[in-house]
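# my questions are about this predicted structure, shown below with the sequence.
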Number of protein chains: 2
Amino acid sequence: MMPESPIRKLVPYAEEAKARGTKVYHLNIGQPDIETPEVALNAVKNYDPKVIAYSHSAGMLSLRQKLTEYYKSVDIDVTADEIIVGAGASEALLFAFQSIMDPDDEVIIPEPFYANYNGFATNAGIKVKPIFSDIETGFALPPIEEFEKNITEKTKAILVCNPNNPTGYLYSKEELETLRDIVKKHDLFLIADEVYREFVYDNHTHFTAMHLKGIENNVILIDSVSKRYSACGVRIGWMISKNKAVIATALKFAQARLSPPTFGQVAAEAAVDTPDEYFEAVMKEYVARRNAVVEGINKIEGAYCPNPAGAFYVVARLPIDDSDKFCKWLLENFSFENQTVMLAPATGFYSTPGKGTDEVRISYVLNVDDLKSSVKVLGEALKVYPGKK
Amino acid sequence: MMPESPIRKLVPYAEEAKARGTKVYHLNIGQPDIETPEVALNAVKNYDPKVIAYSHSAGMLSLRQKLTEYYKSVDIDVTADEIIVGAGASEALLFAFQSIMDPDDEVIIPEPFYANYNGFATNAGIKVKPIFSDIETGFALPPIEEFEKNITEKTKAILVCNPNNPTGYLYSKEELETLRDIVKKHDLFLIADEVYREFVYDNHTHFTAMHLKGIENNVILIDSVSKRYSACGVRIGWMISKNKAVIATALKFAQARLSPPTFGQVAAEAAVDTPDEYFEAVMKEYVARRNAVVEGINKIEGAYCPNPAGAFYVVARLPIDDSDKFCKWLLENFSFENQTVMLAPATGFYSTPGKGTDEVRISYVLNVDDLKSSVKVLGEALKVYPGKK
């Protein structure tokens, strides 16, 4: 049974709120408002073939070669034949699941985690074993014993998203090395979803799973242009593995669906040449946004928000009885100066029932002024919410 | 285990032949050489958003509305909310499989059939039950008893491709009505892959599964812009169903992968306005091509090729011991005036072992002169092939 997206189920209530004339601040989605780099848009405008033909099933060679240049620039050694391009990181991750697991196998994922991982797992017929990461530690990696306790005969992989969606948490080198030790000991795969790898703040540095020594054949990197270049709609992501058997199997799945989208590949290849100034401006903007959200929420009585170092999400704890009820109530029953906010209940990011009932995910994908207004609205809402704790 | 594509396994031999300086005529693939309509290419050039954002998971509303106009023009009544757009008909068919079947359920497909159906079935965890259609009848629909014999508790659907890939066969109204009766009697789904629906020749008309009375809720139509507008690389196809439960389930799978590619949707929407003259020229060209292939092959001693009324493929019987060996031999050991041909062994289109060993699929996606040269080369090859029967 395909699980329902935790974000989408509130959409009808948001529509109704808008129909009543209420302004809804959308803090619920991962669609950035940042402009797609011109270099990517222009490449598509200037692309001039006579026939929009199938590309190579693994992705255009020119794109894969260009991606190796990007990785070289961040000190990661990858060759074009270690890359399989998908219709977004979504498809790439599905290929990864299908290539290393059989139905009923298990993947361990620290929760809260990106809700669509459940969908890909269902799609691949595999099971997600969640292990709890705690808002009190800022959603740091759970202790090694928690992994050990959950490893069975069926466990084939550990998946981490770094920086993390939904928590924004940036895993440290030490945490990655802990994962390396577990992976090595039990001969598992480590799937590292690094689609937010460039969104790292406050002079922190990102430590990639590709730099872990001794498990080179066990690491699968998932990456994408969607967030990095604000190009979610091009649907270009990819998986990387140095394990030739994994790539060979993934290629068979890729061949069955023929090829990834051509125009998107053209945009993605050009996007790699996005000038550094673009990122400098974007990172500055996201830091200001994160600060507005984190500082604002921590001023609300009874609320707590860690200050994560990456991505563009936070998970905040609110003084509420039930985050699903609260998020629905915000849309259905509340407005302040004719405005309300749409949040994602954190319950949808936990696999364990009962977790996340007093937490929400906030995407800071609006400008600072709108985010300040949103936090103000949230604060006012908590003053009058009937289920306040 | 993901099956290997029957077409791709010969690629290394073709590369080697080319490296030796031999001209290889590619009759093995479904990539048309026909130009993509300008109206589609221009729409992408003129598309000017600031952010390439996710679209609706079911596809842009404007695209789905435009598609309803296309269907209206061919007398098919469809609304935008009965359409789920995928990354190609490949993804749309996978959504259809996943929406109506659980793992281990069965779909009946007349063989020979499009080899990637096996891949989608593996992907969905379901089983394909082939029933034999015979070159002697031009690959007409197998008798109803063959369907009845193969229906079990696990059977959930019958899938037909009409006009057919790989045979080019155009199912008649009467054959579709036979399928309707079986579907109704056993309460199955009828999945009709009509991606070649416009490629119908010799004043035949296409009878769509959407016109079958009394099984409206059981029909799922699969369609695509790939072949119709020679735009395989845009990766836009879709499924259509009047069954609201099917659409609701398919939408969940669609949401898990977020959205279909944006640029491709822009091209697809514009492609619907392709002028009639484009198709008139294309159809004339394909008829000339088919005639060149069918007439040419039937002049070869011991060879037989039916004269199908649709798509751009034929399956021909050749006086050979083993089509896999023969197709490999053509690339590895043969040339005539420094030319050879790459064909698809029909074995890859049969699910039953031992079938198709004296048959090949030929895609007539080259111009008439090249096709005539190809047939000449094939005839010369058969004069000297050591495994000739």
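Yep, it's here.

# check contacts around residue A:177.
Shown in contact with residue A:177 (CB atoms under 8 Å, 6 or more residues apart in numbering or on different chains): residue A:212. No exception for glycine: its C-beta is placed from N, CA and C like everyone else's.

# how close does it get to residue A:171?
The gap separating residue A:177 from residue A:171 is 10 Å, by CB to CB, to the nearest Å.

# phi, psi of residue A:28?
Main-chain dihedrals, residue A:28, degrees, to the nearest 10: phi -100, psi -10.

# kindly report the same for residue A:359.
Torsion angles, degrees, to the nearest 10, at residue A:359: phi -130, psi 150.

# what sits against it?
For residue A:359, the contact set (CB under 8 Å, 6+ apart) comprises A:112, A:135, A:315, A:316, A:317, A:318, A:323, A:345, A:346, A:347.

# just to check, the second one is in contact with residue A:317?
Yes - Residue A:135 lies in contact with residue A:317 (CB atoms under 8 Å); the separation is 5.5 Å.

# need the residues touching each of the two.
Between them, residue A:135 and residue A:317 share these contacting residues under CB under 8 Å, 6+ apart: A:304, A:359.

# other residues contacting stretch A:28-40?
By CB under 8 Å, 6+ apart, stretch A:28-40 touches A:7, A:10, A:165, A:225, A:227, A:229-232, A:234, A:267-268, A:270-271, A:273-275, A:278, A:282, A:285, A:312-313, A:342-344, A:361, A:363, A:365-367, B:49-54.

# what subset of those is buried?
A:7, A:10, A:165, A:225, A:227, A:229-232, A:234, A:267-268, A:270-271, A:274, A:278, A:282, A:285, A:312-313, A:342-344, A:361, A:363, A:365-366, B:51-54 (16 or more other CB atoms under 10 Å in any protein chain shown).

# of the contacts of stretch A:28-40, which belong to strands?
A:313, A:342, A:344, A:361, A:363 (DSSP state E).

# nearest to chain B, of those?
Closest approach to chain B among those (CB to the nearest CB): residue A:363, at 12.7 Å.

# what's the pLDDT at residue A:313?
Note on residue A:313: pLDDT of 97.

# try residue A:148
96.

# low-confidence bits of the stretch 151-300 of chain A, can you list those?
Of all residues in the stretch 151-300 of chain A, none has pLDDT under 70.

# counting neighbours, which bits of stretch A:351-358 end up buried?
A:351, A:355, A:356, A:357, A:358.

# next one: that stretch to chain centre, how far?
19 Å (CA atoms, centre = their mean, to the nearest Å).

# picking up where we left off before, from the buried residues of stretch A:351-358, which single one is nearest chain B?
Comparing the buried residues of stretch A:351-358 against chain B with CB to the nearest CB places residue A:351 closest, at 14.9 Å.

# what helix or strand does that closest one sit in?
Using DSSP states H and E, residue A:351 sits in no helix or strand.

# contacting residues around it?
A:109, A:111, A:113, A:118, A:128, A:130.

# residue A:126 now?
Per CB under 8 Å, 6+ apart, neighbours of residue A:126: A:97, A:101, A:102, A:103, A:104, A:105, A:106, A:107, A:156.

# show me the contacts for the closest residue to the fourth one other than its chain neighbours.
Right, residue A:103. Among residues not flanking residue A:103 along the chain, residue A:125 sits closest, at 3.5 Å (CB to CB, 6 or more residues apart in numbering or on different chains). Residues counted as contacts of residue A:125 (CB under 8 Å, 6+ apart) are A:102, A:103, A:104, B:103, B:125.

# got phi/psi on residue A:125?
phi 80, psi 20.

# separation between it and residue B:85?
25 Å.

# name the residue of the stretch 1-150 of chain A that lies nearest to chain B.
For the stretch 1-150 of chain A, CB to the nearest CB, closest residue to chain B: residue A:119, 2.8 Å.

# got it, and the stretch 251-389 of chain A?
Closest point on the stretch 251-389 of chain A to chain B, by CB to the nearest CB, is residue A:256, at 2.8 Å.

# burial measure for that residue, as a count.
Other residues near residue A:256 come to 23 when the count uses other CB atoms under 10 Å in any protein chain shown.

# thought it was touching residue B:117?
No - using CB under 8 Å, residue A:256 is not in contact with residue B:117, being 9.3 Å away.

# before we move on, the earlier item: can you read off the pLDDT for the residue of the stretch 1-150 of chain A closest to chain B?
Residue A:119 carries a pLDDT score of 89 in this model.

# the residue nearest to it when sequence neighbours are not counted and residue A:94: what is the separation?
Excluding the flanking residues, the one nearest residue A:119 by CB to CB, 6+ apart is residue B:256, at 2.8 Å. Noted for residue B:256: a distance of 9 Å to residue A:94, by CB to CB.

# how about the residues of the stretch 201-350 of chain A by chain B?
For the stretch 201-350 of chain A, the residues in contact with chain B (CB under 8 Å from any CB of the partner chain) are A:230-235, A:249, A:252-253, A:255-264, A:267.

# among these, which lie within helices?
Cross-referencing those against helices under DSSP state H gives A:249, A:252, A:253, A:255, A:256, A:262, A:263, A:264, A:267.

# most neighbours among the residues you listed, please name it.
Using other CB under 10 Å as the neighbour criterion, residue A:264 leads those with 33 neighbours.

# and stretch A:149-169, how far apart are its ends?
Using CA to CA, to the nearest Å, the end-to-end distance of stretch A:149-169 comes to 23 Å.

# any part of it near chain B?
No - in terms of CB under 8 Å from any CB, no part of stretch A:149-169 sits within range of chain B; the closest distance is 12.7 Å.

# identify the residue spatially nearest to residue A:279, adjacent ones excluded.
That would be residue A:198: by CB to CB, 6+ apart, it lies 6.5 Å from residue A:279.

# show me what contacts that neighbour?
Going by CB under 8 Å, 6+ apart, residue A:198 touches A:206, A:228, A:279, A:283.

# ok, now which ones touch the closest residue to the last one other than its chain neighbours?
Nearest in space to residue A:283, with sequence neighbours left out and distances taken as CB to CB, 6+ apart, is residue A:201 at 6.8 Å. Under the criterion of CB under 8 Å, 6+ apart, the contact list for residue A:201 reads A:283, A:286, A:287, A:290, A:309, A:310.

# so who does the first one touch?
If I follow you right, that is residue A:283. The contact partners of residue A:283, by CB under 8 Å, 6+ apart, come to A:198, A:199, A:201.

# what's the separation between residue A:137 and residue A:164?
13 Å.

# ok so, going back, which one of the contacts of residue A:351 is nearest residue B:80?
Among the contacts of residue A:351, residue A:118 lies closest to residue B:80 (CB to CB), at 28.0 Å.

# which phi and psi does that closest one have?
phi -60, psi -40.

# ok, it touching residue A:124?
No - using CB under 8 Å as the test, residue A:118 is too far from residue A:124 to be in contact (11.0 Å).

# the stretch 101-250 of chain A: strands as residue ranges?
Assigned by DSSP state E, counting those that start in this stretch, the strands in the stretch 101-250 of chain A fall at A:106-111, A:127-132, A:155-161, A:189-193, A:219-224, A:236-241.

# now residue A:86: closest residue in space, sequence neighbours ignored.
residue A:92 (3.7 Å).

# surely the one you found is in a helix?
Yes - the assignment for residue A:92 (DSSP: H, G, I helix; E, B strand; the rest coil) places it in a helix.

# quick check, pLDDT for it.
pLDDT at residue A:92 comes out at 98.
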